[in-house]
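Visitor: Generate coordinates for the sequence data below:
(one chain, ligands or ions: 2)
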Amino acid sequence: MTKGVRRDRTDHTHPVGTHRSPSADASVPDAPHHREHRKTPHQSSAVTWDQARAYAYSAALPCPAVRVALADALGERLARPLTALSAMPAFDTAAMDGFAVCGLDTQRWTIVGRLRADAADQDMDLAPGQAVEIATGAALPRGASAVLPYEHTQREANSVITVGATRRALEPRQHIRHRGEEYEAGDVLLPVRTELTAMALGLAAAAGHDTLEVMGRPCVRALVTGDELITSGLPGRGRVRDATGPQLPGLVAWAGGRLTSVRHVSDSLDALVGEFDRATEELVIVSGSSSVGPVDHLQAALRRLGAEPLVTSVACRPGHPQSLHQLPDGRLIAGLPGNPLAALVGFLTLVVPAIQGARGLPLPPLPRVGNGGITSHPTMTRLVPVQVRDGRAVPLPHGGSAMLRSVAQADALAVMKPAARPAEGAPLLALPTAHNSSS
Ligand SMILES: Nc1nc2c(c(=O)[nH]1)N[C@H]1C(S)=C(S)[C@@H](COP(=O)(O)OP(=O)(O)OC[C@H]3O[C@@H](n4cnc5c(N)ncnc54)[C@H](O)[C@@H]3O)O[C@H]1N2
Ligand code: MOO
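Guide: Ligands and ions are numbered 1, 2, ... in the order given. This next block holds a predicted model:
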């Protein structure tokens, strides 16, 4: 039995309106709720690529919302609508440096004082014919009719007079920003789930927020197995450079998870079970050990933990030995094949949807472009690194399951359903390229 807090789904404050409905998305087949899904008898057979994706999405436990300081909120998503805590502006204020004047039936006012923007405690009344020198942003004195910018005025002893065009065109309330002209306290400024950009954080601060409630992200632990793996130096016989570990920080961050650690685990059942026992994360990724070789201990470890198989094989190429299991406390274990491109396919098929589901975000549909020569397999979904040229997906060479050369230059993976015809085009699965965001 793994350690970790058993979490009841009903205990989770999921953001308003974020209930997941994968079937609402045309690209995803109906996925059973994970409890119903427990009954589905596909433990020993491959599920389709679409099913695997949908099962991972619906099996993930929703993460509770968290409250964070504004400084930590960049890139997070609002767990509830952003409402203004104060009106903007919070008081009538000067929009120009100059003079606030009382009465517009004259062109000369007596200067009776000066107001700076930080003058909080000056409570002033202007009488007709009076003016106060005022800074942009300062609270307007009572009785002010308009603000005259310095450029349109001239000072004469202790008076100010208008000059130039302003002389003829004095408008009531000119150059005054009215209290609440942008928004009132309680107004909704941004809807739930909005991604907090730099501008959104500025807005939140202006509206009076110090902290924000944002949608939670699942914690992810990665276990990289394979005694042949080395983490530095040249590969050689019996020594293979780990090519999956270095991808995981970027992949998990792009997918919206929080990677707690990437641990290299020796090929032993006890070592693997020990790692699972120490894990408290919502999602554990295991790379390698997915097959049936003498040192592939993942299946035995999962059995020992009492984990329930949700997906044990996916009818896709590459990446068919990927798997998804659920621990008794609801946490997920995703098994990625050892071959690096197959591992990436497993990540995109199972881990990205699980993270989206845990965050309460929809599973994005796959945009479709023209097929620039990608072939399909009769019974398996093919995932093919492609570049998009002139609106068509063109397959890259070196797309074998152990190869990263093409995917490192690819725009996307084309998802070719079994026996898909070229005329149907190519649905594209996003990769974490420089100009791409997962959600
Ligand atoms: N009898 C069968 N054998 C295999 C099957 C099968 O269905 N029946 N499937 C093959 C496929 S497809 C794959 S993929 C692999 C998956 O095997 P494992 O997940 O157990 O992975 P390993 O055996 O440890 O490694 C396979 C291959 O990948 C290299 N590798 C592993 N991890 C990494 C890494 N982090 N970075 C770079 N390369 C890695 C490893 O050295 C092996 O060359 O099983 C097939 N066999
Ligand atoms: O997962 Mo394997 O081919 O599909 O490398």
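
Visitor: Would you check how far apart the most far-flung residue of the chain relative to its centre and D97 are?
Guide: If you look at how far each residue of the chain sits from its centre, by C-alpha atoms, centre = their mean, the farthest one is A157, at 60.5 Å. Distance check for A157 against D97: by C-beta to C-beta, to the nearest Å, it reads 21 Å. From N, CA and C alone the C-beta is placed, and that goes for glycine too.

Visitor: Then G338?
Guide: When C-beta to C-beta is the yardstick, G338 and D97 sit 68 Å from each other.

Visitor: Those two: which has the busier surroundings?
Guide: Of the pair G338 and D97, G338 is the one with more neighbours under other C-beta atoms under 10 Å, namely 23 against 17.

Visitor: ok, the more buried one - contacts?
Guide: Contact partners of G338, counting by C-beta atoms under 8 Å, 6 or more residues apart in numbering, are 225-226, 287-291.

Visitor: now G238
Guide: Contacts of G238 were listed using C-beta under 8 Å, 6+ apart, and they are E228.

Visitor: Next up, phi/psi of it, please.
Guide: phi 80, psi 0 (degrees, to the nearest 10).

Visitor: Work out for me the element the residue of the chain found nearest ligand 1 sits within.
Guide: Here the chain gets closest to ligand 1 at one residue, G338, 2.2 Å apart by C-beta to the nearest ligand atom. G338 belongs to no helix or strand when elements are defined using DSSP states H and E.

Visitor: could you check the distance from it over to G288?
Guide: As judged by C-beta to C-beta, G338 and G288 stand 4 Å apart.

Visitor: Quick check: neighbours shared by those two?
Guide: Residues within reach of G338 and of G288 at once, by C-beta under 8 Å, 6+ apart, are 225-226.

Visitor: number of nearby residues for P328?
Guide: Neighbour number of P328 under other C-beta under 10 Å is 12.

Visitor: Quick check on it: phi, psi?
Guide: Geometry field for P328 lists phi and psi as phi -60, psi -30, criterion degrees, to the nearest 10.

Visitor: Okay, the residue of the chain closest to ligand 1 and ligand 2: tell me how far apart.
Guide: Between G338 and ligand 2 the computed distance is 8 Å (C-beta to the nearest ligand atom, to the nearest Å).

Visitor: Spell out the secondary structure type for A205.
Guide: Each residue gets one of three states, and A205 gets helix by DSSP: H, G, I helix; E, B strand; the rest coil.

Visitor: thought it was touching A71?
Guide: No. Between A205 and A71 there is no contact, the gap being 10.0 Å when judged by C-beta atoms under 8 Å.

Visitor: so what's the closest residue to A402 other than its chain neighbours up against?
Guide: The spatial neighbour of A402 that comes closest, neighbours along the chain excluded (C-beta to C-beta, 6 or more residues apart in numbering), is N339 at 4.5 Å. Listed by C-beta under 8 Å, 6+ apart, the contact set of N339 reads 318, 401-402.

Visitor: Show only the entries of those found in strands.
Guide: Taking DSSP state E as the definition of strands, the contacts of N339 contribute nothing to them.

Visitor: which residues make contact with the helix or strand hosting W254 from outside it?
Guide: Using DSSP H and E, the element containing W254 is helix 248-255. Residues outside helix 248-255 that contact it (C-beta under 8 Å, 6+ apart): 220, 222, 258-259, 262, 285, 344, 347, 351-352, 355-356, 432, 436-438.

Visitor: Now do the buried residues in that helix.
Guide: Of the residues in helix 248-255, those buried under the neighbour-count criterion (16 or more other C-beta atoms under 10 Å) are 248, 251-255.

Visitor: same deal with stretch 158-165?
Guide: Under the neighbour-count criterion of 16+ other C-beta under 10 Å, stretch 158-165 has 160-162 buried.

Visitor: any chance of those residues in JSON lines, plus pLDDT, secondary structure and distance to ligand 1?
Guide: As requested, these are exported to JSON lines (pLDDT from 0 to 100; DSSP: H, G, I helix; E, B strand; the rest coil; distance: C-beta to the nearest ligand atom, whole Å):
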{"residue": "V160", "pLDDT": "96", "secondary structure": "strand", "distance to ligand 1": "76"}
{"residue": "I161", "pLDDT": "95", "secondary structure": "strand", "distance to ligand 1": "80"}
{"residue": "T162", "pLDDT": "92", "secondary structure": "strand", "distance to ligand 1": "76"}
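
Visitor: what about the stretch 51-200 of the chain, any weak spots by pLDDT?
Guide: Segments of the stretch 51-200 of the chain classed as low confidence (criterion: pLDDT under 70) are 120-122, 165-168.
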